[in-house]
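Chemist: got a predicted model here, sequence first, then my questions.
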Amino acid sequence: MTAVPFDLDLLTELTEVGGVPGYEDRVRDIVVRELEETVDRVRTDEMGNVVGTIEGESDYSVAVAAHMDEIGFMVKHVRGDEGGFGFVELDALGSWDARVLKAQRVTIHATDEDIPAIIGSPPPHTLDEDDRDETPEVEDVVVDPGLPFDALEERVSLGDMVTMAQTTERVGETITGKALDDRVCLFAMLEAARRVTDPAATIHFCATVQEEVGLRGAHALGVDIDPDLALAVDVTVANDIPGFEDGEYVTELGDGTAIKLKDSSVITNPKLHGRLRSIAEDEEIDYQLEILPSGGTDTAGFQKAAGAKPVGAISIPTRYLHTVTETAHVDDIGATIDLLEAYLAAEDGTEDYSL
């Protein structure tokens, strides 16, 4: 089994903590703690973004972005009858496939406590044929905390957050768990921040909020810090499993970090992704190219927030995105950290990215 060449404990901490769009507090605390040990200054803003800055030798600035939020839910209704059990109805924060939600454990993040609960699933032999063929909807999901209605109404309020409950595990050559999107890339960014010393360019390590609901944190930071260049780090699709043709894979686990050419939100700067490829080859870092047919990242948030900017993206290939078993290869995580470190060490502001 491949050794893990990075801090698995920190990755586990980041992926297992809860933090939905707009409520990334617990993740933010970890990010600030880690960045304070490695950068020159750390600040947060009114949206909750975190920016850790290493001052370079020049005024040229690079923003590296990874988002803190995970897809989750907000409590929209607590229902039940006097003397009976209570149940919770949800509003989705981010894009869910309702088929993966049945029979899952969740955590309700109430004001003063975390309450364990489940999303139930009726026994199949109690369903008629129409029920079995029905496509589930997120709006139909009901959470069962196993509590009397009166007690539940006292402890859970409208607006409380709900996240999936899942541990992060080593499975063969991979790491699996919930919220690898995008905590594994947030982790890669923090690891690169540890390694970068005396850069030529000023580097802003940006842990962004609300990416899953429209790249909102990145749009704001693009204006606020106005970098000369931006590079996002996010997961990407790896459909390298039975049931998909080779052309549908997008990326493959174990083939290295992915250098993005395009997704549905952005076409990356050709000179920048060409430079990333050259650096990967010079440093003998395994990489693959990514053309993602749908989906977007913080890259697009920075591209034109304060005028036209060269942007690029490095992605970690990940199977089973937006489920509780998101899965990435140990070597691809390591290659992503290596390429990010190598690029930041090489960027000095003299490259011409104009087209």
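Modeler: Noted; the coordinates are in hand.
Chemist: so which residues of this structure form helices?
Modeler: Along the chain, the stretches classed as helices by DSSP state H are 8-16, 25-35, 129-133, 149-155, 180-195, 216-224, 270-282, 298-303, 330-346.
Chemist: what's the closest of these to residue 355?
Modeler: helix 270-282 (7.0 Å; Cβ to Cβ). All C-beta spots, glycine's among them, are computed from the backbone N, C-alpha and C.
Chemist: and that closest one, what does it pack against?
Modeler: strand 257-262, strand 287-291, strand 311-319, helix 330-346 (3 or more Cβ pairs under 8 Å, 6 or more residues apart in numbering; DSSP states H and E).
Chemist: residue 352 is nearest to which of the helices of the chain?
Modeler: Smallest distance to residue 352 across the helices of the chain (Cβ to Cβ): 7.4 Å, for helix 270-282.
Chemist: about what we covered before: tell me the most buried of the helices of the chain?
Modeler: Ranked by mean neighbour count, these are led by helix 298-303 with a mean of 28 (mean count of other Cβ atoms under 10 Å).
Chemist: that one: how far from the chain's middle?
Modeler: 15 Å (Cα atoms, centre = their mean, to the nearest Å).
Chemist: before we move on, back to that, what would the helices of the chain look like in CSV with mean pLDDT and distance to residue 76?
Modeler: Formatted as CSV, these follow (pLDDT from 0 to 100; distance: least, Cβ to Cβ, whole Å):
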stretch, mean pLDDT, distance to residue 76
helix 8-16, 97, 25
helix 25-35, 98, 21
helix 129-133, 61, 24
helix 149-155, 96, 14
helix 180-195, 97, 24
helix 216-224, 96, 21
helix 270-282, 98, 42
helix 298-303, 94, 27
helix 330-346, 98, 36
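Chemist: quick one on the thing from earlier: closest to residue 303 out of the helices and strands packed on helix 270-282?
Modeler: So among the helices and strands packed on helix 270-282, strand 311-319 is nearest, using Cβ to Cβ, at 4.7 Å.
Chemist: which elements pack onto that closest one?
Modeler: Checking 3+ Cβ pairs under 8 Å, 6+ apart, strand 311-319 ends up next to helix 180-195, strand 229-237, strand 257-262, helix 270-282, strand 287-291, helix 298-303, strand 326-329, helix 330-346.
Chemist: need these in CSV (columns: distance to residue 60).
Modeler: Formatted as CSV, the helices and strands packed on strand 311-319 follow (distance: least, Cβ to Cβ, whole Å):
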stretch, distance to residue 60
helix 180-195, 18
strand 229-237, 8
strand 257-262, 22
helix 270-282, 14
strand 287-291, 25
helix 298-303, 15
strand 326-329, 32
helix 330-346, 12
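Chemist: residues contacting the residue located most distally from the centre of the chain?
Modeler: Largest separation from the mean C-alpha position in the chain: residue 83, at 41.3 Å (Cα atoms, centre = their mean). Residues near residue 83 by Cβ atoms under 8 Å, 6 or more residues apart in numbering: 148, 149.
Chemist: pull up the gap between it and residue 150, please.
Modeler: Distance from residue 83 to residue 150, counting by Cβ to Cβ, to the nearest Å: 8 Å.
Chemist: shaky segments in this structure?
Modeler: 1-2, 122-135 (pLDDT under 70).
Chemist: need the residue closest to the centroid of it.
Modeler: Nearest residue to the geometric centre of the chain (Cα atoms, centre = their mean): residue 182, 1.4 Å.
Chemist: partners of the closest residue to it other than its chain neighbours in the sheet?
Modeler: Among residues not flanking residue 182 along the chain, residue 67 sits closest, at 4.7 Å (Cβ to Cβ, 6 or more residues apart in numbering). Beta bridges link residue 67 to residue 208, judged by DSSP bridges.
Chemist: could you shift the numbering so residue one becomes 858, and keep it that way?
Modeler: Got it, first residue is 858 now, which makes that one residue 924.
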